[in-house]
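Participant: here is my input; please provide its structure:
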Amino acid sequence: MALRLPTHLESFIPPPTEQVQQRRPWQGTLTLTFMNNAQGTYQDVYVTAAETDGENRMELWPRRLYVYLGARRVAHNDVKAWVKRYNPPICALMPDKHPDPATNAANQANFANLSRLLLDNQIVAMAPWNAPDSLPGAGIMIYPTSTSVSLLVGAIFLSGPFPEFAVYQQSSRTNPPNVTPGQTSQQVPDLLSACGTTAKVAHRFSVLVSVWTRLWSLPRVLS
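Facilitator: Sure, this is the predicted structure:
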């Protein structure tokens, strides 16, 4: 039996031609890239991105995005003020779920560690598109929230450049090589210097990279 809304409620439901189509979220890999001159250390984090504001064009996004940590400290309140002023499209980034408990826990921890790293050091991360034919803009600028380490915010640049404060060191290679197991934090001292970290933060970063490196001993079932 068909159900019909009471007549006085029908005005709240827009006609089909005016209803907003719900876009599918993007699911892919963020490959965290820690540069030291021409070489680097890499770590995959598997994420889901949901469109929250503006036109994100997620159907054009590559399945893998290489993420570079900012080389300049910038107060996150200033980042939020810039986003509010210039109003780029926004997405929410969350750790992807996996049925294997160990793999899921490791991915959740890596995502949370990235969020803490950005928050503690007051830096942003950049994920360039590297796809000029379909996405001529800069990419995604990623910054944390102060309320949850399981959520990151992405400001989308589909056609324009990143803001001036979003400075990062990128490899000369468009696609970095596969991660080699056993790479350690000794390969990324320039990043610590660029971020202006203290000894305490440097120690936290060293532990973080060590945790990320150990993830490579788990089955790569999410890629």
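
Participant: what segments of the chain are strands?
Facilitator: 26-36, 39-53, 64-69, 90-95, 125-128, 139-144, 152-157 (DSSP state E).

Participant: out of those strands, flag the one nearest residue 83.
Facilitator: strand 152-157 (5.4 Å; C-beta to C-beta). Where C-beta positions appear, they are placed from N, C-alpha and C, glycine not excepted.

Participant: angle of that closest one against strand 26-36?
Facilitator: 90 degrees (axes from the mean of the first three to the mean of the last three C-alpha atoms, to 10 degrees).

Participant: residue 143 contacts residue 124, doesn't it?
Facilitator: Yes: applying C-beta atoms under 8 Å, one finds residue 143 in contact with residue 124, separated by 4.7 Å.

Participant: of these two, give the one with the bigger neighbour count.
Facilitator: In terms of neighbours (other C-beta atoms under 10 Å), residue 124 is the more surrounded of residue 143 and residue 124; the figures are 26 against 22.

Participant: roughly how far does that one sit from residue 109?
Facilitator: Plainly put, residue 124 is 21 Å away from residue 109 if you go by C-beta to C-beta, to the nearest Å.

Participant: what is in contact with residue 143 and residue 124 at once?
Facilitator: Common contacts of residue 143 and residue 124 (C-beta atoms under 8 Å, 6 or more residues apart in numbering): 76, 79, 118.

Participant: out of those, who's nearest residue 166?
Facilitator: residue 79 (8.8 Å).

Participant: helices and strands around the lengthiest helix in the chain, which ones?
Facilitator: For the chain, the longest helix by residue count, based on DSSP state H, is helix 101-121. Applying 3 or more C-beta pairs under 8 Å, 6 or more residues apart in numbering; DSSP states H and E, we find helix 101-121 packed against strand 39-53, strand 90-95, strand 139-144, strand 152-157, helix 199-214.

Participant: can you list the weak-confidence ranges in the protein?
Facilitator: 1-23, 35-40, 170-223 (pLDDT under 70).

Participant: the nearest residue to residue 29 once chain neighbours are set aside - how many residues pack around it?
Facilitator: Closest residue in space to residue 29, ignoring its immediate chain neighbours: residue 64 at 4.6 Å, by C-beta to C-beta, 6 or more residues apart in numbering. The local packing of residue 64 (other C-beta under 10 Å) involves 14 other residues.
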